[in-house]
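Peer 1: my questions concern the predicted model and sequence given below.
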Amino acid sequence: MKRFKVVAILVLALGIGLPAGRASGQIDYGPIDQLPSVKGQSSFTFLTIGLSPRAAAMGEAFSAMMADVNAIFYNPAALGFIEKGQYSISYINWLAGSNLFSGAAVHRAFGGVWGFSMVSARPEAVEETTIFESLGTGRMIRGGNLAVGVAFARQMTDKVSWGLQAKYIREDLVLATTSTWQFDLGITAHTGYRSFRIAAAARNVGGETTAETRPFSPPIYFNFGVAGEIVGNEGDPAYLTVATETLFATDYGQRWHFGGELWLNNAIALRAGYKSNYEIENYGLGVGVKQGIGDGEIRIDVSYNEGGEDFSAPLRMAIGGSF
């Protein structure tokens, strides 16, 4: 319990200190709740896109969801409760003709759970223009983003786990390339009330990067979530999980996520979620199926999220399983 308190204090201190440090390095904006609008003023914004169809369908209220390989993208501490090796590969048909591919794998070894993650974001190719050839040069150009991470999670007790992920990030701006290191860290714990658990995570923690001559801070997220089963228990033939969380984004502000997942016959999942204070993807719907194969299983997940007035609805698909 003493170790739990120490880690909890560190996470809380990080959540309070980092936004303050970001402001003091530039302009003193005052209290966090009085920060001016800084929408989109960050680097590597592809890191803010939800990668898991399961999580996206649940409104990304996912920080307190346990034992899923995709927790590596939301809260690495939740990996600590994984018993078997897991993997997942996903594809996102994102906005404005862009695409994202991601993959993750985790395995318990050497005193904890080790994980590997990869994200590749590819925008649509566009024709190059110059001040002398404003109608196009005939050359097609395309930038891109890449993130590769290594994670480690460990249970301190049967109810508490912490996790950390180090990520190498690279962004190709066609005429220039920038790169940096960022970190995710989190803690998750069972409350002792039914199956409810709480979680806190800090994501994309790192220093500023410079594009041309202007520095940009990373899109740091601070999440606090709660999740639990209100009908049945996980693993029953049928059970219902609800989740909610709040987050503070340094390039946006306060946001809320709400979601639910209903498993039928422990083989088909129906999901729905809602996100508050977003321009797109306010609500999500999804379905998942799983089938046991030997000592493991295979899963397929699909999600649909609202794209707003100006974009087509993003679609996510993933295949994964355990071994």
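Peer 2: Structure received. Residues are numbered from 1 along each chain as shown.
Peer 1: pull up the distance across stretch 92-101, start to finish.
Peer 2: 6 Å (Cα to Cα, to the nearest Å).
Peer 1: again with stretch 269-287
Peer 2: Stretch 269-287 stretches 5 Å from its first residue to its last (Cα to Cα).
Peer 1: quick check: mean pLDDT of that stretch?
Peer 2: Mean per-residue pLDDT for stretch 269-287: 95.
Peer 1: residues contacting the closest residue to residue 320 other than its chain neighbours?
Peer 2: Nearest residue to residue 320 in three dimensions, chain neighbours excluded: residue 88, at 3.3 Å (Cβ to Cβ, 6 or more residues apart in numbering). Every C-beta, even on glycine, is put in place using the N, C-alpha and C of the backbone. Shown in contact with residue 88 (Cβ atoms under 8 Å, 6 or more residues apart in numbering): 52, 69-70, 102-105, 299, 318-320.
Peer 1: drop anything exposed from the residues you listed.
Peer 2: 52, 69-70, 102-105, 299, 318, 320 (16 or more other Cβ atoms under 10 Å).
Peer 1: where's residue 255 relative to residue 53, distance?
Peer 2: Separation of residue 255 from residue 53 (Cβ to Cβ, to the nearest Å) stands at 20 Å.
Peer 1: more neighbours: those two, which one.
Peer 2: Neighbours of residue 255 and residue 53, each counted by other Cβ atoms under 10 Å, are more numerous for residue 53; the result is 31 against 17.
Peer 1: correct me, but the more buried one touches residue 301?
Peer 2: Yes: the criterion here is Cβ atoms under 8 Å, and residue 53 meets it with residue 301 at 4.0 Å.
Peer 1: overlap in contacts, these two.
Peer 2: In terms of Cβ under 8 Å, 6+ apart, residue 53 and residue 301 are both contacted by the residues 286, 288, 316-318.
Peer 1: just these: which are in strands?
Peer 2: The members of the shared contacts of residue 53 and residue 301 that map onto strands under DSSP state E are 286, 288, 316-318.
Peer 1: which among those residues gets closest to residue 210?
Peer 2: Taking Cβ to Cβ as the measure, residue 210 sits nearest to residue 316 out of these, at 32.2 Å.
Peer 1: okay, that closest one: pLDDT?
Peer 2: As predicted, residue 316 sits at a pLDDT of 97.
Peer 1: what sits against the closest residue in space to it that isn't next to it in sequence?
Peer 2: Nearest residue to residue 316, sequence neighbours excluded (Cβ to Cβ, 6+ apart): residue 53, at 3.9 Å. Neighbouring residues of residue 53 by Cβ under 8 Å, 6+ apart: 90, 286, 288, 301-303, 316-318.
Peer 1: phi and psi next, for residue 53.
Peer 2: Per-residue torsions, residue 53: phi -60, psi -40 (degrees, to the nearest 10).
Peer 1: related to what we said a few turns ago, residue 175: which of the ones in strands among the shared contacts of residue 53 and residue 301 is nearest?
Peer 2: Using Cβ to Cβ, those come closest to residue 175 at residue 316, 31.2 Å.
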